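Visitor: Turn this into a structure:
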Amino acid sequence: MKLSDITEKTQLVKDFVNQLKKSTKQAIPIVEVGKTARVSGASARPVNMVLENGQTIKLFLRVVTAKDDKNKDIERFDIFRIDINGKAQPLSGDYDNSYRPAFDASVKALGNMLRTGQAAFDKKRAKQKIRKPRTGAAPKNKTQQLNELVNDAADLDKTIESKTKEKEGLEQQLNNLTSQP
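Guide: Numbers count the residues shown, from 1 in each chain. Alright, predicted model coming up:
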């Protein structure tokens with residue numbers, strides 16, 4: 001059993017999602033498994049979930065070795081950290097799906113916490129400023145910037161040349177006017 005074996009169809013993930021749907025009374029349209037990373041000193045695989053009202057849950061699963069009844073080593077997946085809306089939550093309860101009553105009660109408590117916090121989450125999200133898209137040209141790369149500067153320099157050279165000719169013409173007129181008695 002490896003961390004790469006974790007998918008949306010892994011039994012622990014499916015059980016968690018199903019129980020969370022029941023306890024929050026919300027659909028979970030997005031369940032996505034991320035890349036393996038080091039989290040809190042352990043190799044883990046994040047599972048991101050987004051509830052229909054916008055709240056996010058991130059489970060961190062790792063592989064643990066446990067002993068069975070016959071004292072044999074067995075490997076299983078373990079939820080060792082849960083982040084809700086980007087904040088780590090203390091684990092209270094048993095998130096091992098081998099004993100369903102304890103697992104269901106733990107997920108139900110988490111679901112109740114999400115349901116009661118929905119109003120505060122909505123209020124916080126309403127306060128967030130909406131950034132308006134920039135109007136104007138798209139960002140330019142270095143080549144585009146250089147070409148624009150070269151074109152601007154050519155335009156400025158033409159302007160300087162015409163103003164120089166105009167200045168010489170005005171000086172000529174001034175000399176003609178001052179030389180006449």
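
Visitor: What segments of the protein are strands?
Guide: Assigned by DSSP state E, the strands in the chain fall at 30-33, 37-39, 42-50, 56-67, 73-84, 87-89.

Visitor: Adding mean neighbour count and mean pLDDT as columns, could you present these in JSON lines?
Guide: Backbone N, C-alpha and C define where each C-beta goes, glycine included. Rendered in JSON lines, the data for the strands of the chain read as follows (neighbours: other CB atoms under 10 Å; pLDDT from 0 to 100):
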{"stretch": "strand 30-33", "mean neighbour count": "15", "mean pLDDT": "86"}
{"stretch": "strand 37-39", "mean neighbour count": "12", "mean pLDDT": "82"}
{"stretch": "strand 42-50", "mean neighbour count": "18", "mean pLDDT": "87"}
{"stretch": "strand 56-67", "mean neighbour count": "17", "mean pLDDT": "82"}
{"stretch": "strand 73-84", "mean neighbour count": "16", "mean pLDDT": "81"}
{"stretch": "strand 87-89", "mean neighbour count": "11", "mean pLDDT": "84"}
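
Visitor: got those strands as JSON lines, with distance to V13 columns?
Guide: Converted to JSON lines, the strands of the chain look like this (distance: least, CB to CB, whole Å):
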{"stretch": "strand 30-33", "distance to V13": "7"}
{"stretch": "strand 37-39", "distance to V13": "17"}
{"stretch": "strand 42-50", "distance to V13": "6"}
{"stretch": "strand 56-67", "distance to V13": "8"}
{"stretch": "strand 73-84", "distance to V13": "8"}
{"stretch": "strand 87-89", "distance to V13": "18"}
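
Visitor: Would you tell me which of these gets closest to Q11?
Guide: strand 73-84 (8.4 Å; CB to CB).

Visitor: Dihedrals phi and psi, D68?
Guide: phi -90, psi -170 (degrees, to the nearest 10).

Visitor: List the contacts of it.
Guide: D68 makes contact with I74, according to CB atoms under 8 Å, 6 or more residues apart in numbering.
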